[in-house]
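> Sequence and predicted model, in that order:
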Amino acid sequence: MIVKIVILFLVGMGVMAMFGKLRFPGQKKLASAKCPKCGRFRIGKGPCPCRKGKTK
């Protein structure tokens, strides 16, 4: 019984891994939303805070 549960768990994990490797639409848009300098996600149309300079 436990062997069946373990096998079903491993098969389920394998199926989830296959779905995780799929490329979904909009993936390229998400990659371009990152700042090339620091890697943070940019929100809005303005520049990244790392390019604005320190505002303290």
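Alright, I've got the coordinates.

> Can you report phi and psi for F41?
phi -80, psi 130 (degrees, to the nearest 10).

> I'd like to know the average pLDDT value across the host helix or strand of F19.
Using DSSP states H and E, F19 sits in helix 2-20. The pLDDT scores in helix 2-20 average 92.

> what's the neighbour count on M13?
Neighbour count of M13, defined by other CB atoms under 10 Å: 10. From N, CA and C alone the C-beta is placed, and that goes for glycine too.

> Would you mind measuring from it to C48?
37 Å (CB to CB, to the nearest Å).

> try G14
Distance of G14 to C48, computed by CB to CB: 39 Å.

> Comparing these two, which shows the higher neighbour count?
C48 (16 against 9).

> Quickly note the distance from the residue lying closest to that one once chain neighbours are set aside to R42.
Of all residues not flanking C48 in the chain, C35 sits nearest, at 3.9 Å (CB to CB, 6 or more residues apart in numbering). Distance, C35 to R42, by CB to CB: 6 Å.

> overlap in contacts of the two?
Residues touching both C35 and R42 (CB atoms under 8 Å, 6 or more residues apart in numbering): C48.
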